[in-house]
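**Student:** give the three-dimensional model of this entry:
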Amino acid sequence: MTPTVAEAYAACLEITRTEARNFYYGIRLLPPPKRNALSALYALARRIDDIGDGDLPLEEKRTALAGVRKDLGRLGDLDEPVYVAVADAARRYPVPLGAFEELVAGVETDLAEVRIGDFDELVVYCRRVAGSVGRLCLSIFGPTGSDLETLALYADQLGIALQQTNILRDIREDLTNDRIYLPADELERFDVRIELDEHGNLDDPQGHLAGYIRYAAGRAQDWYSLGWRLLPYLDWRSGASCRAMSGIYHHLLRRIGANPVLVYDQRLSLSAGEKAQVALASLAGARS
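**Tutor:** Residues are numbered from 1 along each chain as shown. This next block holds a predicted model:
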């Protein structure tokens with residue numbers, strides 16, 4: 001039985017509430033129509049991510065991602081709630097559906113051993129898995145007053161900043177999945193080997209990894225500065241949403257840059273209270 005559009009959006013909002021541990025704090029600052037639409041886009045992006053990170057055998061993951069690509073070409077014919085909601089959002093807003101295909105391509109990178117040669121290669125990956133999401137968000141925020149291509153670049157840059165934060169936070173977890181996103185040429189320059197010690201924590205006997213993380217965190221900060229050029233072109237509530245979503249990750253980045261060893265033995269996160277504080281500050285127009 002085909003769900004109504006309202007039912008489809010309700011399903012996506014529930015996915016967002018339960019799964020978007022950081023983005024939900026920003027999404028809920030939007031007015032209901034934009035909140036519904038962005039939740040729909042998040043729910044599909046989450047589905048794509050979950051395929052890559054799930055427990056399916058490799059070939060089944062590839063088949064599932066190919067299925068998403070096929071489904072994106074026939075949204076109007078599908079009666080699954082997430083697709084019903086995305087199709088409705090795409091009718092109401094200028095959603096760049098091709099961004100989902102970029103996300104699929106990025107997730108396909110994660111299916112095998114990941115080794116990144118240099119920062120340019122890392123930027124390509126970050127643009128696919130996170131810049132794409134930034135551009136999807138932009139289509140719902142509805143910016144005005146400037147060249148849309150330039151604003152899409154800013155959204156792309158902000159997504160790349162967030163993904164660099166994710167990478168620094170998840171070095172240990174990614175290594176256990178045979179993924180090293182830190183550029184190999186930079187690791188060589190800093191004399192860093194990404195390894196675990198006998199306790200399963202990141203091994204850094206000479207402090208070289210800590211030095212590299214501080215360097216990479218400083219560079220990621222520059223990408224936030226580039227991406228935040230978007231904010232003056234957003235209406236008040238869209239701007240607050242964008243500030244909240246990016247502010248939570250920026251807060252994490254500052255914490256990692258100040259004390260890199262925090263990521264050696266845990267997956268660093270903010271408490272619910274800290275996230276709420278970032279969201280409240282965003283309503284006042286402040287960044288973290």
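**Student:** got the buried residues for stretch 45-63?
**Tutor:** Using 16 or more other C-beta atoms under 10 Å as the test for burial, stretch 45-63 gives 45-49, 51-52, 61. Using the backbone N, CA and C atoms, a C-beta is placed for each residue, glycine as well.
**Student:** what ranges does this protein have for its helices?
**Tutor:** Assigned by DSSP state H, the helices in the chain fall at 5-19, 23-27, 32-53, 58-72, 81-92, 98-109, 119-126, 132-141, 148-169, 171-176, 184-189, 208-227, 236-258, 272-283.
**Student:** which strands or helices does the longest one pack on?
**Tutor:** Think helix 236-258. Other helices and strands packing on helix 236-258, by 3 or more C-beta pairs under 8 Å, 6 or more residues apart in numbering; DSSP states H and E, are helix 23-27, helix 32-53, helix 132-141, helix 148-169, helix 208-227, helix 272-283.
**Student:** hang on, the earlier thing: can you list the buried residues of stretch 45-63 in TSV and add pLDDT and distance to Arg172?
**Tutor:** Formatted as TSV, these follow (pLDDT from 0 to 100; distance: C-beta to C-beta, whole Å):
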residue	pLDDT	distance to Arg172
Ala45	96	24
Arg46	95	23
Arg47	96	26
Ile48	97	24
Asp49	95	19
Ile51	95	23
Gly52	92	19
Lys61	96	23
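**Student:** closest to Gly247 among the residues you listed?
**Tutor:** Gly247 lies nearest to Ala45 out of the buried residues of stretch 45-63, by C-beta to C-beta, at 19.7 Å.
**Student:** so who does that closest one touch?
**Tutor:** 100, 103, 133, 136 (C-beta atoms under 8 Å, 6 or more residues apart in numbering).
**Student:** which of these sit farthest apart?
**Tutor:** Maximum pairwise distance among the contacts of Ala45 (C-beta to C-beta): 9.5 Å, between Phe100 and Val133.
**Student:** who has more neighbours out of these two?
**Tutor:** More crowded of Phe100 and Val133, by other C-beta atoms under 10 Å: Val133, with 27 against 23.
**Student:** turn the helices of the chain into TSV, including distance to His199.
**Tutor:** Formatted as TSV, the helices of the chain follow (distance: least, C-beta to C-beta, whole Å):
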stretch	distance to His199
helix 5-19	30
helix 23-27	33
helix 32-53	25
helix 58-72	30
helix 81-92	41
helix 98-109	30
helix 119-126	28
helix 132-141	35
helix 148-169	19
helix 171-176	11
helix 184-189	22
helix 208-227	15
helix 236-258	20
helix 272-283	27
